[in-house]
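All I have is the shape, not the residue letters:
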């Protein structure tokens with residue numbers, strides 16, 4: 001079957017569209033500074049949504065801001081209000097992995113940068129690994145890269 005000119009154009013157009021939506025990830029690099037980037041970074045676990053109008057009522061949301069000095073601000077939407085909680089965190093590294101600890105919980109940290117629809121994103125994955133009989137849990141944090 002021979003494709004006419006219009007069909008060839010449509011096929012090329014569709015294939016080029018697929019190429020733009022292809023997600024290519026690269027490792028985050030130095031994980032010991034990935035969370036704060038040498039200063040501070042705000043990560044989104046769940047997007048903050050607010051009601052328009054009077055007051056500052058929120059519907060959903062969970063953000064974490066990691067600062068280089070070891071402080072973290074956690075903003076959580078609870079009971080219709082965005083509540084800020086100041087915490088401290090530590091980052092440790094062994095031969096293989098990097099860990100971040102806060103609220104008494106240690107998380108194995110992994111990160112990546114990826115492009116999606118012409119935007120560059122960063123993703124931090126905080127993995128809770130307990131006993132073998134407990135399922136692994138991931139907290140996935142994302143942000144637009146600068």
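Noted; the coordinates are in hand. This one's a predicted model, so the numbers in the text were calculated from it and none came from an experiment. Numbers count the residues shown, from 1 in each chain.

Now the residue nearest to the spatial centre of the chain. Nearest residue, chain neighbours left out?
Centroid-nearest residue in the chain, with CA atoms, centre = their mean: residue 142, separated by 1.7 Å. The shortest distance from residue 142 to any non-neighbouring residue, by CB to CB, 6 or more residues apart in numbering, is to residue 123 (5.1 Å). Placement of C-beta: from N, CA and C, glycine included.

What are the buried residues along whichever strand or helix holds the one you found?
Using DSSP states H and E, the element containing residue 123 is strand 119-128. Buried residues in strand 119-128, defined by neighbour count with 16 or more other CB atoms under 10 Å: 121-127.

any chance of those in JSON lines, plus distance to residue 51?
Formatted as JSON lines, those follow (distance: CB to CB, whole Å):
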{"residue": "121", "distance to residue 51": "27"}
{"residue": "122", "distance to residue 51": "29"}
{"residue": "123", "distance to residue 51": "28"}
{"residue": "124", "distance to residue 51": "29"}
{"residue": "125", "distance to residue 51": "31"}
{"residue": "126", "distance to residue 51": "29"}
{"residue": "127", "distance to residue 51": "34"}
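
what's the closest of these to residue 114?
Nearest to residue 114 among the buried residues of strand 119-128 is residue 121, at 5.6 Å by CB to CB.

Wait, the closest one touches residue 141, no?
No. Counting by CB atoms under 8 Å, residue 121 does not reach residue 141; the two are 10.8 Å apart.

thinking again about what came up before, neighbouring strands for the strand holding residue 123, and are they parallel or not?
The strands beside strand 119-128 in its sheet (DSSP bridges) come out as strand 105-116 (antiparallel), strand 137-144 (antiparallel).

got the contact list for the residue nearest to residue 142?
111-114, 140-142 (CB atoms under 8 Å, 6 or more residues apart in numbering).

repeat that for 7 Å
111-112, 140, 142 (CB atoms under 7 Å, 6 or more residues apart in numbering).

Of these, keep whichever come out buried.
For the contacts of residue 123, buried by 16+ other CB under 10 Å: residue 111.

JSON lines please, covering the contacts of residue 123 and showing pLDDT and distance to residue 66.
Shown next, in JSON lines, are the contacts of residue 123 (pLDDT from 0 to 100; distance: CB to CB, whole Å):
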{"residue": "111", "pLDDT": "91", "distance to residue 66": "12"}
{"residue": "112", "pLDDT": "91", "distance to residue 66": "17"}
{"residue": "140", "pLDDT": "94", "distance to residue 66": "15"}
{"residue": "142", "pLDDT": "94", "distance to residue 66": "14"}
